[in-house]
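> Attaching a predicted model along with its sequence, questions to come.
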Amino acid sequence: MNIHLHIITFANVTHMVKGMKVWYGSKTSGHSIASAVVLVLTLSLGISISLQAQVPYKIHKVVIDAGHGGKDPGCNGHSSREKEVALSIALDLGKKIKATYPDIQVIYTRETDVFIPLNERAAIANRNKADLFISIHCNYISVRNRATGSETYVLGLHRAEDNLDVAKRENASILLEDDYEKTYDGFDPYSAEGHIILSMFQNAHLEQSILFATHVENALKKLGKLPSRGVKQAGFLVLRETTMPSVLIETGFLSADADENYLMKKENQQEMASTILKAFINYKKDVEDQQDPEIATPSDEKKPNAPVVDTNDAKAPTTTKGSLEVAYRIQIAASSKSTIEARYNSIDDLEVIKEGDMYKFLVGYFSSPEAARPRLTALKANGFEGAFIVAYKAGQRIRA
């Protein structure tokens, strides 16, 4: 489509230049012609960028982080080490994702037994503009066999002492880094107060993170080899530093005989990777479907032409709330608290609604995904890169 557009544009430029020669005769300057060419090509580029911005969202890059490594062994069971189990699962998961989706680029934070600082793990994902960050770990508790099973974490406020203990243990890896006090602004991995402050960081991708974490725990529960302890929140430094949906998977407790006996076997590590892959497949379908207008629009609803919206104005008007049976809205963030950041003040029609334990930050009411897309483009251009389109019917979130 873009190639065709550029062919047409080139023909129009040629025609314009010839017309200018006829109009101005021999007095036509090279500067005038060049200016016209630049103007038309600039308009063409703008249209091209606009068309590209309307391409449905797809996952292109996944960063897989094998926890610990090198001088940081993580936790140790009777016969296993976390850094080795995590690396084996991470490498096999990446291999399975690439085999299932050849177009997806898989990036590892480490592929060998080396030490990688926590902030560098997140930086790898950020530099590569990843669409998802998956950190693989094993759990541990001081009393042998007191706890068993998997749990998947997202960044947020811990609600149980056990969650805090897990975050403290994983964050303690920074003590092996040079100048960690400077790197992490004086953060103390053993301080409960520090973790409380850390867990209160707002995450624009929290809902997507919870969605993937839920798919992970559902898949592990269905596998039935180890108990699923569910999706939890806590203050993990590696999750705070990432700028995309991110989870930390505790695959099991090396302090439990049953978990360790399962996780230390190569075939079970591959089975764990296959189970996380199933979660990824379901997550990919969910997040890509909700961005796809062909799927998001009810089949019995005609698609109206998108209203004229200034895509440079993040406060552009939208359809009114009461006029729509199915309202398409733009979610710009989700948080465990309703606090509004200062940058949201520029959006006149921002609405914060509570769904379960989460607060959703929503903008606009639109008759179709196509009508919402120009506003979505404008919001992303104004710094809300994680925004996406959602659908509501009778005030309830639906998957249309």
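Great, that's in hand.
> Ile330: what's it in contact with?
Counting by Cβ atoms under 8 Å, 6 or more residues apart in numbering, Ile330 makes contact with Leu362, Val363, Gly364, Phe366, Ala372, Arg375, Leu376, Leu379, Ala387, Phe388, Ile389, Val390. In this view, the C-beta of every residue, glycine as well, is placed from N, C-alpha and C.
> Tell me which helix or strand the fifth one sits in.
Ala372 is located in helix 369-381, with elements delineated by DSSP states H and E.
> What helices and strands are in contact with the helix or strand harbouring Glu288?
Assigning secondary structure by DSSP H and E places Glu288 in helix 266-289. On a contact count with 3 or more Cβ pairs under 8 Å, 6 or more residues apart in numbering; DSSP states H and E, helix 266-289 meets helix 82-100, strand 132-139, helix 206-223, helix 257-263.
> sorry, back to before: so for the helix holding Ala372, what's the average pLDDT?
On average, the pLDDT along helix 369-381 is 84.
> Would you mind listing the buried residues in the next helix or strand after it?
Using DSSP H and E, the next helix or strand after helix 369-381 towards the C-terminus is strand 388-393. Residues Phe388, Ile389, Val390, Ala391, Tyr392 are the ones in strand 388-393 that count as buried (16 or more other Cβ atoms under 10 Å).
> my guess is the second one meets Pro369, correct?
It stands for Ile389. Yes. Assessed by Cβ atoms under 8 Å, Ile389 is found in contact with Pro369 at 5.3 Å.
> ok, and the closest non-adjacent residue to Leu91?
Once flanking residues are discounted, Leu91 sits nearest to Glu111: 6.5 Å by Cβ to Cβ, 6 or more residues apart in numbering.
> distance of the one you found from Lys61?
Glu111 is 16 Å from Lys61, where distance means Cβ to Cβ, to the nearest Å.
> higher neighbour count, the two?
Higher neighbour count among Glu111 and Lys61: Lys61, with 16 against 13, using other Cβ atoms under 10 Å.
> Return the residues in contact with that one.
Shown in contact with Lys61 (Cβ under 8 Å, 6+ apart): Ile104, Gln105, Val106, Ile107, Asn128, Lys129, Ala130, Asp131, Leu132.
> How about the backbone phi and psi for it?
Dihedral angles phi and psi of Lys61 (degrees, to the nearest 10) take the values phi -140, psi 140.
> tell me the pLDDT at it?
Note for Lys61: predicted pLDDT of 97.
> ok, it to Asn126 distance?
Lys61 is 11 Å from Asn126, by Cβ to Cβ.
> Could you do Asn76 as well?
Between Asn76 and Asn126 the computed distance is 31 Å (Cβ to Cβ).
> What residues of stretch 222-240 count as buried?
Buried residues in stretch 222-240 (16+ other Cβ under 10 Å): 225-229, 231-240.
> ok, so of these, who is nearest Glu120?
Nearest to Glu120 among the buried residues of stretch 222-240 is Val238, at 9.7 Å by Cβ to Cβ.
> tell me which element that closest one is part of?
Counting by DSSP H and E, the element that carries Val238 is helix 237-240.
> and that helix, what does it pack onto?
If you count contacts as 3+ Cβ pairs under 8 Å, 6+ apart, helix 237-240 packs onto helix 118-127, strand 132-139, strand 150-155, strand 246-253.
> could you dump those to TSV with mean neighbour count, distance to Asn218 and mean pLDDT?
Putting the helices and strands packed on helix 237-240 into TSV (neighbours: other Cβ atoms under 10 Å; distance: least, Cβ to Cβ, whole Å; pLDDT from 0 to 100) gives the following:
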stretch	mean neighbour count	distance to Asn218	mean pLDDT
helix 118-127	20	24	92
strand 132-139	28	16	96
strand 150-155	27	10	92
strand 246-253	28	13	96
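> Pipe those into TSV and attach distance to Leu277 per row.
Below are those laid out as TSV (distance: least, Cβ to Cβ, whole Å):
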stretch	distance to Leu277
helix 118-127	19
strand 132-139	11
strand 150-155	14
strand 246-253	12
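> ok, Ala75 to Phe253 distance?
One thing to correct before we go on: residue 75 is Cys, not Ala. 9 Å.
> intersection of neighbour lists for these two?
Here Cys75 and Phe253 have Cys138, Asn139, Tyr140 as joint contacts, going by Cβ under 8 Å, 6+ apart.
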